[in-house]
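# when you get a sec, could you give me coordinates for this:
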Amino acid sequence: MKTKNVQFITHAAAIAAIYVVMTVFLKPLSFDAVQIRFAEALTILPFFTPAAIPGLFIGCLLGNFLGGAVLIDVIFGSLATLLAAGISYSLRKYKFLVPIPPILANMLVVPFILKYAYGVPLTIMFMILTVGIGEFISCGVIGTILLLGLEKYKYILFRTSIE
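You can find the predicted model right below:
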């Protein structure tokens, strides 16, 4: 296997592992109608490497599964993360737009999962608001801080991914 492929897989696996650990370790904050999933701060990583796209997807899939989520949540929550990661990667030339796709994707998908898969008795509109606030904190604030902090080390951490 070529070195670039090994590094891509290694980056994706490391991102997935960190996402899983953060989601499961912080389970009380990661699941519910009012949630701040700190692992979502990692959704800025497509700015640095395309390996973050499968890494975030697999991390979300495993984090949801190991966190005890129902199958619909495991599938559709992970697909929302995959879609958001792909769009974030396409926005990588616009640094401060990178956190927006995961915020919007989760605001649009998670409330319906909470309502119809878990039977949360809150209105969809209220859950759009609460999920949006949590995503803004994790992706918009913490994710942007992470992006700015990692930016000066991008040639060390993501050297095979930098164009």
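# for Gly67, see how far away Thr144 is.
Thr144 sits 25 Å away from Gly67, going by CB to CB, to the nearest Å. All C-beta spots, glycine's among them, are computed from the backbone N, C-alpha and C.
# do the same with Leu146
21 Å.
# just the buried positions in the longest helix seen in the chain, please.
If each helix of the chain is counted by residues according to DSSP state H, the longest one is helix 3-25. By neighbour count on 16 or more other CB atoms under 10 Å, the buried set for helix 3-25 is Gln7, Phe8, His11, Ala12, Ile15, Ala16, Ile18, Tyr19, Val20, Met22, Thr23, Val24.
# for Gly77, state which of the residues you listed is nearest.
Nearest to Gly77 out of those is Thr23 (CB to CB; 10.5 Å).
# residues in contact with the closest one?
By CB atoms under 8 Å, 6 or more residues apart in numbering, the contact set of Thr23 is Ser30, Arg37, Ala39, Gly59, Cys60, Gly63, Asn64, Leu66, Gly67.
# which of those lies closest to Glu151?
Ala39 (20.0 Å).
# per-residue pLDDT, that closest one?
pLDDT recorded at Ala39 is 94.
# surely Glu40 and Phe136 touch.
No - between Glu40 and Phe136 there is no contact under CB atoms under 8 Å: 10.1 Å.
# pick out whichever of the two has more residues nearby.
Neighbours of Glu40 and Phe136, each counted by other CB atoms under 10 Å, are more numerous for Glu40; the result is 29 against 17.
# which ones are touching that one?
So Glu40 contacts Pro102, Asn106, Glu135, Ser138, Cys139, Gly143 (CB under 8 Å, 6+ apart).
# how close does the fifth one get to Phe65?
Taking CB to CB as the measure, Cys139 falls 22 Å from Phe65.
# and the two? Which one has more around it.
Higher neighbour count among Cys139 and Phe65: Cys139, with 29 against 16, using other CB under 10 Å.
# just say helix, strand or coil for that one.
helix (DSSP: H, G, I helix; E, B strand; the rest coil).
# over to Glu135?
helix.
# where does the nearest residue to it once chain neighbours are set aside land on pLDDT?
In space, and not counting its chain neighbours, Glu135 is closest to Ile103: 4.3 Å by CB to CB, 6 or more residues apart in numbering. pLDDT recorded at Ile103 is 98.
# try Met1
What the model reports as pLDDT for Met1 is 60.
# one more: the one 5 residues further on?
Val6 carries a pLDDT value of 88.
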